[in-house]
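Novice: Pasting a predicted model and its sequence here:
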Amino acid sequence: MEFRFTEEQEMIRDTAQAFLAEVSTPAAVRGAMVTERGYDEALWKRISEDMMWPALHIPEEYGGMGLGYVELAAMQEQMGRYLLCSPFLATVGFAVNTLLVAGSESQKQRYLPEVVAGKTATLAFMGPGSECDADAVQATFTTEEQGYCLNGEYRYVTDGHSAELLLVAARAPGTSGEAGISLFVLPAETEGVRREWLPTMDQTRKQAALFFDNVRLDASALLGEEANAWPALAKVLDLATIAVAAEQVGVAQQALDSSVAYTSERVQFGRTIASYQAIKHKAADMMLRAEAARSALYYAACIADEALAGNPRGAELAEAASIAKAYCSDAAFFNAGCGIQLHGGVGITAEYDIQLYFKRAKSTETLLGNAAWHRDRLARQLLDGESV
Amino acid sequence: MKLSFNAQDEAFRDEVADWLANHLCGEFEAIRGRGGPGDEHSFVEERKAWEQELASGGWTGLGWPTAFGGRGASIEQQVIFNEEYARAGGPGRMGHIGETLMGPTLIAFGTDLQREHYLPGIRAGKQFWCQGYSEPAAGSDLANVKTRARFDETSQQWYISGQKVWTSLAHESEYCFVIARTDPTSVGHKGLGVFLVAMAQPGVTVRPIEQLTGTSEFNEVFFDDAVCSADDIVGEPGDGWKVGMGLLGFERGVSTLGQQMLFQNELDEIIRIARANGAARNPALRQRIAEAHIGLRIMRFNSMRMLSGGGDDGSLQKEAMIYKLYWATWHRNLGKLAMDVLGAESEIISAAPYELNRLQSLYLFTRADTIYGGTNQIQRNIIAERALGMPREPRG
């Protein structure tokens, strides 16, 4: 059985780890997170031009590296571990996947090389107050002679205020649920688009609201089939979900590692607190979750590759994504929460990093469905006979 | 990273499935799905006969080298066999301890004489073994064994005295491998030996322990100058800890997927009941059923990582170190879930005086899962110390 990284995959992971240890230091994270943009543009330039990370799973014919989701997950795990502040998730997890899944050949040829060259992008689909199912799509499109006209509000858009390219979902007026949904691609500077940064509790990842007021698009802006894009969007969301779960594995691991390191130095009652079973057992519970989360992630990443390749096992995508996101969300939260506790008083200071992981754990849990939401989706499959 | 076994292994899977379909029937139909944890007392004679049937098909000693009468199957093939065996409803293996613990130990540490004397009986499914490790004062602290082995120069025999406890299937076994103190002045890991002791002799008394399920699969075993020959010590006097702990390293995850198949059957039954009795409409139970499903799927993915190796240094990998704590806790939670899904019916047993249904047995017996084979607390110590490098517990 070869359910493990190949040597090449290990090398990709180790290279990412070494790079991030150098560039995504606690000082760098703190520097980036207090800005409205939320990331260092010079660093993004290095990430895209020197490291070619946005190109990772873009096929070679569009200028990409042609690698797969396992490599993507391996790298994104490290980005979570180092709390990298960057538009990588928005650009790759959301937008590239949308283009790969729903884009026409000419759209891929046009937009993917731009992403390879460093252009940032994101996906907007959720209306205010929604959960991440089909009903989340609230903005509307109407057909016009020359193309389409979009109206409505998007919220919780990852890096939506800074992304240069927007992928958006909208529905035909009067439709609900999975019916009537279309996907579009447009430059963020298109007339009628207003963007507003939404300051967030987790400052290491930015969100925005987008307001579309009679945004007029050419027919060529449509991705996939008009009014029938939900299957494609659902697939994109599952793929993005797995990318988020990868970050959560990194968060869970780092919360554990930093807690072991801290408790191994902190002395009380004449011994390091790491020598107390109360601490050791909590750390063991954290390792169990980190390792089980990693197992769930690797499986989901393999299934994502099958789905992107159009293989039969790709049919497991939704289930694998929900398993990974449900477990990894809980694992990241548990580990970060326990991490604060194991750090004691300093755990609640701004100075120590564990609080940043605690916040990232929660923001990633909320993003694309929390654990309860994904368990509910699986329950429908198990108990109601629905396919998820 | 790949998800599947290779084509050769899948062909082996077909061979196993075919054989089981053609042999686990007729006279063996009744023992399908019987035995195993919580049900070890059932159909003992029939299950012993089944061991011989397995042997005749060449399915015993599966992972043993061919030079010792085994099949020399790869780890993957052993996993597949166990998985298919569970899928087919194969009964709990009477020969489990002999095949997976005693045999590999003799192959690794035994003498040619011991191998010639004991391996064929295990391989043939005719001689059964139990494990004499735990004692009243040596549970988690296994090195604290008090049972003594004394060598008598005149008779050239070892004399063993002491008490073992939690000995599975002792009353059904021909032999016991006993860890005992060869140096009466020694303490802890030193001065121990592992002995091969016949159960049918005046110096051995087996007393069943009635469990909370009303059944007995564990026993107390009393040794009162029980004898074995000078040839029946594995390794040298003083090697007992190395030999005895060496045994525990042989598991390597080959039974994990088979075990998970049994868990899946239990979860499927719970889901069937939930759909039938309306529990499936309860939002809290829906969450817990989904959580159980997630937990079991991840258990499999974790096993796939274990089976794929990884660490170049041969050390136990992290995903392997969490396995016992993970599955035991999951299974114990499943027992509770089963009762909550059953609702009011969960209290009503099959018959007086104390005949439990399958899920009630599951509920009660899974409380043992987090205790035997290293309690959850010991597992956490091991994880913290060996995987995370945290300070070791002080030892008295």
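Specialist: Here it is on my side, so go on. What you see is a predicted model; the values in this text were computed from it and never measured.
Novice: going forward, measure contacts between C-alpha atoms and count neighbours the same way
Specialist: Will do.
Novice: any weak-confidence spans in the stretch 251-388 of chain A?
Specialist: Low-confidence regions of the stretch 251-388 of chain A, defined here as pLDDT under 70, cover residues A:387-388.
Novice: May I have the phi/psi pair for residue A:195?
Specialist: Summarising the backbone geometry of residue A:195 under the convention degrees, to the nearest 10, its torsions are phi -130, psi 140.
Novice: what's the nearest residue to it if we skip its chain neighbours?
Specialist: Of all residues not flanking residue A:195 in the chain, residue A:210 sits nearest, at 4.6 Å (CA to CA, 6 or more residues apart in numbering or on different chains).
Novice: and that neighbour, what helix or strand is that in?
Specialist: strand A:207-218 (DSSP states H and E).
Novice: Name every strand pairing with the helix or strand that that strand is followed by and say which way it goes.
Specialist: Scanning forward in sequence from strand A:207-218, with DSSP H and E defining helices and strands, the next element found is strand A:222-223. Sheet neighbours of strand A:222-223, with direction, are listed as strand A:181-187 (antiparallel) (DSSP bridges).
Novice: The strand it pairs with: how far from the chain's middle?
Specialist: Distance of strand A:181-187 from its chain centroid, counting by CA atoms, centre = their mean, to the nearest Å, is 19 Å.
Novice: What are the buried residues along it?
Specialist: Using 16 or more other CA atoms under 10 Å in any protein chain shown as the burial criterion, the residues of strand A:181-187 that qualify are A:181, A:182, A:183, A:184, A:185, A:186.
Novice: Which members of those residues are the farthest-apart pair?
Specialist: By the measure CA to CA, the buried residues of strand A:181-187 have their two most distant members at A:181 and A:186, which lie 16.5 Å apart.
Novice: before we move on, the earlier item: just checking, what packs against the strand holding residue A:210?
Specialist: For strand A:207-218, the contact count by 3 or more CA pairs under 8 Å, 6 or more residues apart in numbering or on different chains; DSSP states H and E identifies strand A:147-158, strand A:193-198 as packing neighbours.
Novice: And the shortest one, what does it pack against?
Specialist: For strand A:193-198, the elements it packs on are strand A:207-218, judged by 3+ CA pairs under 8 Å, 6+ apart.
Novice: circling back: quick one, which of the helices and strands packed on strand A:207-218 is packed in tightest?
Specialist: Between these, the one whose residues have the most neighbours on average, counting mean count of other CA atoms under 10 Å in any protein chain shown, is strand A:147-158 (a mean of 21).
Novice: mean confidence score for whichever helix or strand comes after that strand?
Specialist: Helices and strands here follow DSSP H and E; after strand A:147-158, the next one along the chain is strand A:165-171. Confidence over strand A:165-171, taken as the mean pLDDT, stands at 98.
Novice: about what we covered before: want to try JSON lines for the buried residues of strand A:181-187, with pLDDT as columns?
Specialist: Shown next, in JSON lines, are these (pLDDT from 0 to 100):
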{"residue": "A:181", "pLDDT": "98"}
{"residue": "A:182", "pLDDT": "98"}
{"residue": "A:183", "pLDDT": "98"}
{"residue": "A:184", "pLDDT": "98"}
{"residue": "A:185", "pLDDT": "98"}
{"residue": "A:186", "pLDDT": "98"}
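Novice: Nearest to residue B:166, out of those residues: which one, please.
Specialist: When the buried residues of strand A:181-187 are compared for distance to residue B:166 (CA to CA), residue A:181 comes out closest, at 62.7 Å.
Novice: contacting residues around that closest one?
Specialist: If a contact means CA atoms under 8 Å, 6 or more residues apart in numbering or on different chains, then residue A:181 has A:137, A:169, A:170, A:171, A:172, A:226, A:227, A:228, A:229, A:230 as its contacts.
Novice: Tell me which residues of the strand holding residue A:210 come out buried.
Specialist: Counting neighbours by 16+ other CA under 10 Å, the buried set in strand A:207-218 is A:207, A:208, A:209, A:210, A:211, A:212, A:214, A:215, A:216, A:217.
Novice: Over to stretch A:123-143?
Specialist: Those buried within stretch A:123-143 under the rule 16+ other CA under 10 Å are A:123-127, A:131-141.
Novice: Next: stretch A:365-372.
Specialist: A:365, A:367, A:368, A:369, A:370, A:371, A:372.
Novice: Having no further points to raise, I will conclude here.
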